[in-house]
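# Here is the input, now give the coordinates:
(one chain, ligands or ions: 1)
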Amino acid sequence: MKKLITLLVCATALSLTACAPEKPASTRVADTGGSRKGDFGPPQGEPIKAVLTSPPHVPPPTNRNYPAKVIVELEVIEKDMEIAEGVSYTFWTFGGTVPGSFIRVRQGDTVELHLKNHPSSKMPHNIDLHGVTGPGGGAASTFTAPGHRTQFTFKALNQGLYVYHCATAPVGMHVANGMYGLILVEPPEGMSPVDHEYYVMQGDFYTVGKYREKGHQPFDMQKAIDENPTYVLFNGAETSMTGPNALQSKTGQHIRMYVGNGGPNLVSSFHLIGEIFDKVQYEGGTHFQENVQTTLIPAGGAVTVEYHTEVPGSYVMVDHSIFRAFNKGALAILQVEGAEQPQIYSGKQVDEMYIGDKVVSLAPVAVAASARETGTLTKAQQVAAGGVLFKGTCSTCHQDDGAGLPNVFPPLAKSDYLLKDPKHAIEVVLNGLTGPVTVNGNTYNSVMPPMSQLTDDEVANILTYVLNSWGNTGPAISKQEVAKVRATTKRSEGAAH
Ligand SMILES: [Cu+2]
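Okay, the predicted model is just below:
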């Protein structure tokens with residue numbers, strides 16, 4: 001009877017290979033039978049200490065064809081790190097990084113997980129691994145007070161890419177503070193070889209201060225409950241993979257990225273601008289989809305994406321819920337070196353349009369902010385900070401050299417309109433400008449959108465830069481002056497920050 005059913009299924013199956021009696025290891029993908037085929041017997045050989053890596057790095061393949069006992073040593077460390085330039089945040093970490101250390105084992109391995117909680121910690125922590133079969137995924141067995149250590153053992157029955165996270169109350173807060181990472185359970189035949197493997201994980205963060213508001217920023221529980229993040233980030237910091245930290249590769253290479261989403265709240269529409277994923281193992285599972293533009297990663301889920309590089313340049317990784325990319329930080333760069341491929345892509349570089357102020361270091365902004373704190377802020381520091389912020393904020397329309405575009409965007413360089421009443425520019429930036437304006441004898445009748453998302457500090461620095469660049473000479477604009485205009489002008493509901 002059983003045989004008959006198998007025959008019927010085979011007869012109707014579209015794919016012949018699905019019913020072929022003998023299959024090479026590499027095509028076994030669709031037929032692993034999940035955990036029922038994952039127990040390859042007791043561990044063999046000497047116990048092995050797992051190699052753990054910090055993001056964006058991935059441990060080397062296990063290169064084993066037998067099940068082993070693997071020891072994973074994770075330490076929880078609570079520490080202050082930079083979430084954006086000049087902004088610090090107290091992260092709670094597995095291994096000192098956000099996301100936590102990458103763990104790589106083989107299906108059938110017996111994993112002995114040691115969890116240490118550093119004596120300097122203020123909170124107890126634990127770990128729930130989605131790759132564990134058993135109540136709580138390890139959470140109850142690993143509740144660890146500061147200065148203590150715990151351990152438990154599990155068998156990695158199912159292959160796949162799994163999220164792990166802290167599950168100590170309040171769970172949402174532990175996850176929001178960065179307590180998540182990935183564990184890859186390799187299929188028995190291993191992953192196919194590629195040129196680069198990278199580890200990327202998205203998370204949403206909730207601070208009391210606004211996006212990029214300088215200084216130390218505490219966690220905001222109410223924003224977290226409202227699911228209204230201040231930051232949405234890859235690898236725990238706005239600069240984790242931009243500028244000098246961009247991921248690197250060459251043309252003609254094959255790249256695999258293990259991408260997780262720690263949440264705690266948002267799902268990710270993961271997209272790499274200018275690339276198409278050749279292969280996506282969606283939801284971290286066994287099956288794959290091909291030729292994918294954007295893949296959805298649930299909170300507490302993961303995906304393996306593979307692609308190959310052809311055309312050199314900067315490729316921008318984003319959450320395609322696009323305000324998160326440009327106004328909350330969910331943006332990272334893959335830099336591809338190599339010869340141009342004009343037959344595939346004509347070669348014009350449009351990167352700056354996408355990455356704006358991320359192509360330059362925001363360090364001068366942080367310098368100006370701390371100088372303001374200590375009361376030593378100079379006009380030169382404001383100009384330096386403003387120059388960085390102008391890029392990508394105002395330069396999109398008014399151009400890098402402040403010359404504007406004829407008949408479309410008025411010039412800021414030597415603008416008689418601007419220099420006649422420099423403080424009026426505060427209103428222009430905060431509230432926008434519509435209707436006819438005459439600049440240096442030319443009339444423009446267009447719309448400048450309100451830029452009220454900028455902080456008082458940012459507006460002050462940008463305008464000080466504008467009023468003292470390209471031959472302009474004007475005053476420095478102070479944060480207080482901007483605050484005053486913001487408080488006294490009535491803006492439409494939607495324009496308010
Ligand atoms: Cu925790």
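
# Where does the stretch 1-150 of the chain get nearest to the ion, residue-wise?
The minimum distance from the stretch 1-150 of the chain to the ion, using CB to the ion, falls at His125 (3.3 Å). No exception for glycine: its C-beta is placed from N, CA and C like everyone else's.

# How about that residue: which residues does it bridge to?
Beta-bridge partners recorded for His125 (DSSP bridges): Thr144.

# Any stretches of the protein with poor pLDDT?
With pLDDT under 70 as the threshold, the chain has low-confidence stretches at 1-37, 347-360, 490-497.

# pretty sure Ser367 is touching Gln382, no?
Just so we're on the same page, residue 367 is Val rather than Ser. No - because the distance of 10.3 Å does not satisfy CB atoms under 8 Å, Val367 is recorded as not touching Gln382.

# These two - which one has more neighbours?
Gln382 (27 against 16; other CB atoms under 10 Å).

# what about the closest residue to the more buried one other than its chain neighbours, which SS state?
The spatial neighbour of Gln382 that comes closest, neighbours along the chain excluded (CB to CB, 6 or more residues apart in numbering), is Thr464 at 4.0 Å. Under the three-state scheme (DSSP: H, G, I helix; E, B strand; the rest coil), the conformation of Thr464 reads as helix.

# show me what contacts Thr464?
Taking CB atoms under 8 Å, 6 or more residues apart in numbering as the criterion, Thr464 is in contact with Lys379, Gln382, Val383, Gly386, Pro475, Ala476, Ile477.

# do the same with Glu186
When contacts are taken as CB under 8 Å, 6+ apart, Glu186 is in contact with Pro61, Thr62, Arg104, Val105, Arg106, Gln107, Gln159.

# Show me the beta-bridge partners of it.
Arg106.

# show me what contacts Thr295?
Taking CB under 8 Å, 6+ apart as the definition, contacts of Thr295 comprise Ser269, Phe270, His271, Phe277, Val280, Tyr282, Gln289, Val303, Val305.

# The closest residue to Asp204 other than its chain neighbours: neighbour count?
Counting by CB to CB, 6+ apart, Asp204 lies nearest to Pro229, which is 3.8 Å off, once chain neighbours are set aside. When neighbours are counted by other CB under 10 Å, Pro229 registers 24.

# Go ahead and confirm Pro229 touches Gly263.
No - distance between Pro229 and Gly263: 10.0 Å, which falls outside the contact criterion (CB under 8 Å).

# and for those two, which residues touch both?
Contact criterion CB under 8 Å, 6+ apart; residues shared by Pro229 and Gly263: Asp204.

# Next to the ion in this structure, residues from the stretch 1-150 of the chain, please.
His125 (CB under 5 Å from the ion).

# now the helices: where do they sit in the stretch 1-150 of the chain?
Listed in chain order, the helices of the stretch 1-150 of the chain (DSSP state H, counting those that start in this stretch) span residues 2-12.

# Now do the strands in it.
Counting by DSSP state E, counting those that start in this stretch, the stretch 1-150 of the chain has strands at residues 48-49, 69-84, 87-94, 103-106, 110-117, 128-129, 149-155.

# Would you reformat the ones you listed as JSON lines and include mean neighbour count?
Compiled in JSON lines, the strands of the stretch 1-150 of the chain are given as follows (neighbours: other CB atoms under 10 Å):
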{"stretch": "strand 48-49", "mean neighbour count": "14"}
{"stretch": "strand 69-84", "mean neighbour count": "19"}
{"stretch": "strand 87-94", "mean neighbour count": "22"}
{"stretch": "strand 103-106", "mean neighbour count": "25"}
{"stretch": "strand 110-117", "mean neighbour count": "21"}
{"stretch": "strand 128-129", "mean neighbour count": "23"}
{"stretch": "strand 149-155", "mean neighbour count": "17"}
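
# Can you check which of these gets nearest to Asp204?
If you check each of those against Asp204 by CB to CB, strand 69-84 wins as the nearest, at 11.7 Å.

# Relative to that closest one, what are the paired strands and their orientations?
If you go by DSSP bridges, strand 69-84 pairs up with strand 48-49 (parallel), strand 87-94 (antiparallel), strand 110-117 (parallel).

# Hmm, the residue of the stretch 1-150 of the chain closest to the ion is touching Ala139, no?
No - His125 is beyond contact range of Ala139, at 10.1 Å (criterion: CB under 8 Å).

# what do those two both touch?
What both His125 and Ala139 touch, as defined by CB under 8 Å, 6+ apart, is the set Thr168.

# These two: which is more packed in?
In this comparison of His125 against Ala139, neighbours counted by other CB under 10 Å, the higher total goes to His125 at 28 against 20.

# Can you tell me how far that one is from Cys166?
With distances defined as CB to CB, to the nearest Å, the gap from His125 to Cys166 amounts to 5 Å.

# Can you pull the residues that touch both of these two?
Counting by CB under 8 Å, 6+ apart, the common neighbours of His125 and Cys166 are Val76, Trp92, His174, Met179.

# Dump the strands paired with strand 69-84 into TSV; add distance to Gln343 as well.
Written out in TSV, the entries for the strands paired with strand 69-84 read as follows (distance: least, CB to CB, whole Å):
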stretch	distance to Gln343
strand 48-49	48
strand 87-94	44
strand 110-117	49
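
# ranges for the helices of the stretch 351-497 of the chain?
Counting by DSSP H, counting those that start in this stretch, the stretch 351-497 of the chain has these helices, from start to end: 351-355, 363-373, 379-390, 395-398, 416-420, 424-431, 456-467, 479-488.

# nearest to Ala84, of those?
Here helix 363-373 is closest among the helices of the stretch 351-497 of the chain (CB to CB), at 9.0 Å.

# what's the angle from the closest one to helix 379-390?
Comparing the axes of helix 363-373 and helix 379-390 via axes from the mean of the first three to the mean of the last three CA atoms, to 10 degrees yields an angle of 140 degrees.

# by how many degrees do helix 363-373 and helix 456-467 diverge?
Between the direction of helix 363-373 and that of helix 456-467, the angle (the same axes, to 10 degrees) works out to 110 degrees.

# List the buried residues for helix 363-373?
Of the residues in helix 363-373, those buried under the neighbour-count criterion (16 or more other CB atoms under 10 Å) are Pro364, Val365, Ala366, Val367, Ala368, Ala369, Arg372.

# which helices and strands does that helix pack with?
Other helices and strands packing on helix 363-373, by 3 or more CB pairs under 8 Å, 6 or more residues apart in numbering; DSSP states H and E, are helix 379-390, helix 456-467.

# buried sites along the last one?
Residues of helix 456-467 classed as buried by neighbour count (16+ other CB under 10 Å): Asp456, Asp457, Glu458, Val459, Ala460, Asn461, Ile462, Leu463, Thr464, Tyr465, Val466, Leu467.

# now the first one
Residues of helix 379-390 classed as buried by neighbour count (16+ other CB under 10 Å): Gln381, Gln382, Val383, Ala384, Ala385, Gly386, Gly387, Val388, Leu389, Phe390.

# Quick one: distance of it to the chain centre.
Centroid displacement of helix 379-390 relative to its chain, using CA atoms, centre = their mean, to the nearest Å, is 27 Å.

# helices or strands next to it in the packing?
Secondary structure elements in contact with helix 379-390, counted by 3+ CB pairs under 8 Å, 6+ apart, are helix 363-373, helix 456-467.
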